[in-house]
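Novice: Okay, predicted coordinates and the sequence, questions at the end:
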Amino acid sequence: MNPRIALVIGTTRTGRKGADIAAWAHRIANSRDDAEFTVVDLAEYDLPLYDDPMPPMRRAVMPPAVQRWADAISPHDGYLFVTAEYNHGIPAALKNGIDQLFDEWSGKAAGFVSYGVDGGIRAVEQLRQVLAALRVATVSATTPIRLFTDLDEHGKPGAQQEAQLQETLAQLVSWSRALADGK
Ligand SMILES: Cc1cc2nc3c(=O)[nH]c(=O)nc-3n(C[C@H](O)[C@H](O)[C@H](O)COP(=O)(O)O)c2cc1C
């Protein structure tokens, strides 16, 4: 069976670029026949800030919004995080969305499409550290998009970013498949 991969849109603000960049990545991902790709939009879940007395691996009951988020994340074998860089780091909404779950992420693979003035690479490197705590294996290839130089007049990334995305997807599909098969 093909691995199931979620493209997770990691920003939630009004007018965000994240949705357009995820749509671009989804269109390219859908040209592949070795995985199934679904967009999971963090903005649709209206997650509370984490406030449970217990950590996620010992939480008795999830709030309804978190349960919906868990149900969206859980069925996937791998994740392509589409993330901006906010103040040289991970957007707070995405960090909160990651922190809300544990088992749903654990033992899976992840890759990144990032964007910002410098391509959002500082957010990606922080995400690697965070995801290691959740036992997520992050692939080395990434797709950084420099907002001032890498977008065409329609706001779309170019051929170089498409090639980087294909390499990111190739590694992500391979690792997602290997980890799913090993369970
Ligand atoms: C709170 C905030 C902090 C930001 N900090 C950075 C930054 O540190 N580095 C950077 O390259 N861009 C930064 N930006 C610019 C974002 O890269 C740019 O606005 C991008 O479109 C944000 O993603 P979004 O549109 O999906 O929210 C910041 C934007 C916001 C809203």
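Specialist: Ah, there it is.

Novice: Enumerate the beta-bridge partners assigned to the residue most central in space within the chain.
Specialist: The centre of the chain sits closest to residue 81, judged by CA atoms, centre = their mean, with a distance of 1.6 Å. Residue 81 has the following beta-bridge partners by DSSP bridges: residue 8, residue 112.

Novice: Next one, pLDDT for it please.
Specialist: As predicted, residue 81 sits at a pLDDT of 99.

Novice: Distance of it relative to the ligand?
Specialist: In this view, residue 81 and the ligand are 12 Å apart by CB to the nearest ligand atom, to the nearest Å. Where you see a C-beta, it was placed from the backbone N, CA and C, and this is true even at glycine.

Novice: Pull the contacting residues for that residue.
Specialist: Contact partners of residue 81, counting by CB atoms under 8 Å, 6 or more residues apart in numbering, are 8, 10, 94, 110-113, 127.

Novice: Including neighbour count and pLDDT, could those go into a markdown table?
Specialist: Formatted as a markdown table, the contacts of residue 81 follow (neighbours: other CB atoms under 10 Å; pLDDT from 0 to 100):
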| residue | neighbour count | pLDDT |
| --- | --- | --- |
| 8 | 25 | 99 |
| 10 | 29 | 98 |
| 94 | 24 | 98 |
| 110 | 23 | 98 |
| 111 | 28 | 98 |
| 112 | 27 | 98 |
| 113 | 30 | 98 |
| 127 | 24 | 98 |
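
Novice: how about the residues of this structure near the ligand?
Specialist: 11, 13, 16-18, 84-88, 116-118, 147 (CB under 6 Å from any ligand atom).

Novice: Tell me the secondary structure at residue 145.
Specialist: strand (DSSP: H, G, I helix; E, B strand; the rest coil).
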